[in-house]
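Colleague: Got a sequence here, can you model it:
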Amino acid sequence: MADLERIALFIDGANLYATAKSLGFDIDYKRLLKEFQSRGKLIRAFYYTALIEDQEYSSIRPLIDWLDYNGFAVVTKPTKEFVDALGRRKVKGNMDIELAVDAMEMADHLDHIVLFSGDGDFRSLVEAVQRKGVRVSVVSTNTTQPAMIADELRRQADEFIDLITLVPKIGRDPGERVQRYQDRRGSPVPAGTQFDPIEGQD
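Modeller: I've put the predicted structure just below:
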């Protein structure tokens, strides 16, 4: 039997959240993990998101804790607050560099990288990883107006997977409006908790 393809997932949390929201569904991360475990030897599943550190309760914290205990390598950093030219308070939480560094470091140990993002800034990363002989699939969507995936990223990828085609495999049951994430310690997340990753802003 041929060796299983070594796969790693790199999930841009805010980007994937925005894409799923634009398609009108919620992601079941347990099912997502299972889906890609069935496609080869899943070496690692990275999830990147920024966190507002000074808030007593962050809406994404229960999801982060759940992912941490259930097979994902979670990479976070605190957001930076700034005031824009119009005096509006903005939050900056871009994880592109962290994701790119991890992908380059892991590339020598992988056959296939699956990037969950439509951000065109990742085009040069995809090209660099491909030069190392690694196949790259990009998961996003072009079924929305405007498309969530940058054209240059889609062209660079070896394979484009439209997120909408994965809905039957990784979508949450529509009847189950609130995901009850439970960590390994069995702590349930309060009903009604919203998981809103912070949008990265350049």
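Colleague: and Arg155, how many neighbours?
Modeller: Counted by other Cβ atoms under 10 Å, the residues lying close to Arg155 total 10. C-beta: built from backbone N, CA, C; applies to glycine.
Colleague: The one 10 residues further on now?
Modeller: The burial count assigned to Thr165 is 11, neighbours taken as other Cβ under 10 Å.
Colleague: And Thr143, by the same measure?
Modeller: 14.
Colleague: can you check Tyr47 too?
Modeller: Quick note: Tyr47 (other Cβ under 10 Å) scores 24 neighbours.
Colleague: helix, strand or coil for it?
Modeller: Secondary structure, DSSP: H, G, I helix; E, B strand; the rest coil: Tyr47 is strand.
Colleague: Do I have it right that it meets Phe72?
Modeller: Yes: assessed by Cβ atoms under 8 Å, Tyr47 is found in contact with Phe72 at 4.8 Å.
Colleague: Now do the shared contacts for these two.
Modeller: Common contact partners of Tyr47 and Phe72 (Cβ atoms under 8 Å, 6 or more residues apart in numbering): Ile11.
Colleague: Return the set of buried residues in stretch 144-164.
Modeller: Across stretch 144-164, burial judged by 16 or more other Cβ atoms under 10 Å covers 144, 148-150, 153-154, 156-157, 160-164.
Colleague: Same check on stretch 25-38?
Modeller: 25-30, 32-33, 36.
Colleague: quick revisit: let me have the buried residues of stretch 144-164 in CSV, extended by distance to Gly13, secondary structure and pLDDT.
Modeller: Converted to CSV, the buried residues of stretch 144-164 look like this (distance: Cβ to Cβ, whole Å; DSSP: H, G, I helix; E, B strand; the rest coil; pLDDT from 0 to 100):
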residue, distance to Gly13, secondary structure, pLDDT
Thr144, 18, coil, 92
Met148, 14, coil, 95
Ile149, 16, coil, 95
Ala150, 18, coil, 96
Leu153, 17, helix, 98
Arg154, 20, helix, 97
Gln156, 22, helix, 98
Ala157, 19, coil, 98
Phe160, 20, strand, 98
Ile161, 18, strand, 98
Asp162, 19, strand, 97
Leu163, 14, helix, 97
Ile164, 19, helix, 96
